[in-house]
Each structure stands twice: as structure tokens, then as C-alpha cells.
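*Asks:* Sequence first, predicted coordinates after that:
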Amino acid sequence: MVKIVTVIGARPQFIKAAVLSRLMHLEPYSADFKEFIIHTGQHYDQNMSAVFFEEMAIPAPQINLGIGGKSHGAMTGEMLIAIEKILMDIKPDLVLVYGDTDSTLAGALAAGKLLIPIAHVEAGLRSHVMAMPEEQNRILTDHLASWLLAPTATAAENLAKENVHGRIHITGDIMYDAHLFYRPRAQMPPCAREEPYFLATVHRAENTDNKANLENIFAGLSQIKERVILPLHPRTRQKCQTFGLNIPPNIKVLEPVGYLEMLGLELNAKAIITDSGGVQKEAYFCQKPCITLRSETEWVETVTSGWNTLAATNGEAIAEAAKNLKIPQNYPPLYGDGHCGEKILKILG
Ligand code: UDP
């Protein structure tokens, strides 16, 4: 029996963890794994946290640390102290972390210092922009991990170039497993049942924390002739208020939606505009053209395959890409076969 402590805390991690947590409760894996979930509390609103546990049937965390809404240093530090205590108590065989948030790094650091092996799901992603907090979290976690579970060959190459000392495995993408499993349960919010629309999300710090960038993004979205549906991340909402920005009239703002509604919105959109890593991939899973509000992406295959256009925060480039959507003929299987979860459990078992 492998005793696993899973550390999660932010929206995309709930979605990724849903896949492995579900499998670990099913035969044959339930005989081999016992999972203990720590929720750090990094995301805490009902629609940024609880909704995912309910809809995706993720087991309730055994502990919620309630550490959210602080600066990166304070959050990472407080999580590290709290997780260390729990790990000393539980003495797991390994600690499982996902992605690139402060919760990922805190979980990895706590385990690393106690010499508990770490498995990192979504290892090897790189933007090559060290100013991004996510890039710092990923690189540090990858260098601490024993199992580097890379979603793509590119991610595995990034890790090999950095001479990480853990074992690198190419597993496919865990979010693709989630997408395939929950797709039949996708829900459609009433506002999306009418005419064609673009779906947009904006939440990355380099966009939300910079008034000019946020203004440029809205200037680009305002030039789109169709409606733009924007489930608004709490940070972006707060920054719009602080900067006194007016949302253009063609944009329909929603509260953040649950995963099943997000799936429905993605599947029915004309195209997707986003700065989210996960949403760029989901656009690809839904075979929708994507316009990315960044000048680089970790998910380079979406760009080289022609499905994703990097428009950064250039209003004209956003409007132009939305007007001339590219829908390539080819749709290569970039993100695995939908059995990433099973592969990971085989590696860890
Ligand atoms: N998502 C959601 N509701 C929303 C916006 C996003 O369920 O209102 C989901 C989305 O489908 C994807 C994940 O959240 O699975 C992406 O998370 P986020 O954009 O917060 O983080 P990133 O992927 O950039 O790390």
C-alpha cells in the first residue's frame, strides 16, 4: 500500500487532482493506494474551490489549511510550516503535487526537506520567463521531484536540458483525461444558448496587475463584433475596480463558473481568448481556435500546430486574430490518449 499525501490549493489543481483521486478510489488501484488530501486554501471562494469538489466528486480534503489571499512569500512560507507538521505526523511514502502554484512549491519544499519523495504532475513546462511566479514554482519543484510526470515530449526535453535528477516519464496530459471523462456532463449556462460568442478568460498577474495591459486587452475584445462571454476571475474583477476600468458593452461578464459549465461554454464557443494555461489546452481539446493573451506559452504545440495564436496584450492583434480565425486541417494527438492517470498510477505503484 502506497500512502500518498496530495497537496492542492488552486482551481486548476482541483481539476487535475480529480482524475487521480477518482482512480485511486477504484479497483484495482484502491488496493494499492491510500490518499490523504491537503487543501492549502489558496483558492477559497465557493466558485473557485468548493464547486469543483462537488461537481467532479473529488473526495473532501482531510485538512484545509485556510491559507489564501496573501503575498506569494507569506502564503508559501505559511503553507510550508503547516504542511511540514502534517507530513511529520502522517509519514507518507510520497507527496503528490500538481502544476505551478505556491501550493505546489510549498508541498514540494516541505516534502523535500523531510526527504519524502515527490511526484510532480505537469513537470517540465517552461515559459522561459523567470519573472512569472509560476515559472519559479515549476523549476524549483522539478528540481526537487523524484518522479517528473511530463505531459509532452517537449516538457520532457526541457527537463533533460536542465539535468534534473528525478526520473522523467512522458505520461500525456492529465487535463485531457479530465476533459474526456467530464465532457458528456458538460452544462450550458443560459446566456450562451443564443447567438455565436467568443469565450474569454483573463487572470494572469502580468495582465491583471498592469493597468495598460488590462486596458489593451479590453480594447481588443471591444472590437470583436460577436458577444464575448467572460467568466471573471476574482483578481481581475478587483483590479478592474482598482483601475476604474469600464467593461466594453459587447462583453458579458459572469462570475467564475464551475468546470461543467466551463466545458459547455468552451464546446459551444466560436473561439477562445485566454491567458490561462489550462484553457489554451482545453480550446485544443474542443477543436476551437485559441487566441492567447501572452507573448509566449508553455503549451508550444498548440501554436506550432496552428490552433493557437499569440496576440499578447496588443488590442489590434487580438481584434485581427478574432476577425481572421485560423482553423487548421490537421488535429494531431498532442496530449496523449486520455489514460494519463492510469500511466501515472502504474509509475507510482
Ligand atoms: N475554469 C473554470 N471556470 C472558470 C474559468 C476556468 O472551471 O470560470 C477552469 C478551466 O476550464 C480550466 C482551469 O479552470 O480547467 C484553468 O484554471 P486557471 O485558468 O485558473 O489556471 P491555469 O490553467 O492558467 O493555471
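*Replies:* Yep, it's here.
*Asks:* Could you report the neighbour count for A150?
*Replies:* 25 (other CB atoms under 10 Å). Bear in mind the C-beta positions are built from the backbone N, C-alpha and C, glycine included.
*Asks:* no wait, D32
*Replies:* 14.
*Asks:* Just the CA coordinates for the lengthiest helix in the chain, please, in PDB.
*Replies:* Looking across the chain with DSSP state H, the single longest helix is helix 72-90. Output of helix 72-90 as PDB, limited to C-alpha atoms (Å, rounded to 0.1, in the frame of the first residue of the first chain):
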ATOM      1  CA  HIS A  72       3.500  34.900  -2.500                       C
ATOM      2  CA  GLY A  73       6.100  34.800   0.200                       C
ATOM      3  CA  ALA A  74       3.700  34.800   3.100                       C
ATOM      4  CA  MET A  75       1.500  32.200   1.500                       C
ATOM      5  CA  THR A  76       4.400  29.900   0.500                       C
ATOM      6  CA  GLY A  77       6.000  30.300   4.000                       C
ATOM      7  CA  GLU A  78       2.900  29.600   6.000                       C
ATOM      8  CA  MET A  79       2.000  26.600   3.800                       C
ATOM      9  CA  LEU A  80       5.500  25.200   4.200                       C
ATOM     10  CA  ILE A  81       5.300  25.400   8.000                       C
ATOM     11  CA  ALA A  82       1.800  23.800   8.100                       C
ATOM     12  CA  ILE A  83       2.500  21.100   5.600                       C
ATOM     13  CA  GLU A  84       5.700  20.100   7.200                       C
ATOM     14  CA  LYS A  85       3.900  19.400  10.500                       C
ATOM     15  CA  ILE A  86       1.300  17.200   8.800                       C
ATOM     16  CA  LEU A  87       3.900  15.300   6.800                       C
ATOM     17  CA  MET A  88       5.800  14.500  10.000                       C
ATOM     18  CA  ASP A  89       2.600  13.200  11.500                       C
ATOM     19  CA  ILE A  90       1.400  11.100   8.500                       C
END
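*Asks:* so after it, what's the next helix or strand?
*Replies:* strand 94-98 (DSSP states H and E).
*Asks:* I'd like to know which elements the longest helix of the chain is packed against.
*Replies:* strand 2-8, strand 33-39, helix 102-113 (3 or more CB pairs under 8 Å, 6 or more residues apart in numbering; DSSP states H and E).
*Asks:* Of all the ones you listed, which one is nearest the ligand?
*Replies:* Nearest to the ligand among those is helix 102-113 (10.4 Å), distances taken as CB to the nearest ligand atom.
*Asks:* got a list of contacts for whichever helix or strand comes after that closest one?
*Replies:* For helix 102-113, the succeeding helix or strand toward the C-terminus, using DSSP H and E, is strand 118-121. By CB atoms under 8 Å, 6 or more residues apart in numbering, the list of residues contacting strand 118-121 from outside reads 16, 20, 94-99, 104, 107-108, 111-112, 141-142, 144-149, 166, 171, 174, 344, 348.
*Asks:* can you give me how far stretch 18-25 is from the chain middle?
*Replies:* 17 Å (CA atoms, centre = their mean, to the nearest Å).
*Asks:* Which residues of this protein lie near the ligand?
*Replies:* With CB under 6 Å from any ligand atom as the criterion, the chain meets the ligand at residues 11-12, 15, 201, 203, 231, 256-259, 262, 276-279, 282.
*Asks:* from these, which ones fall inside helices?
*Replies:* 11-12, 15, 259, 262, 277-279, 282.
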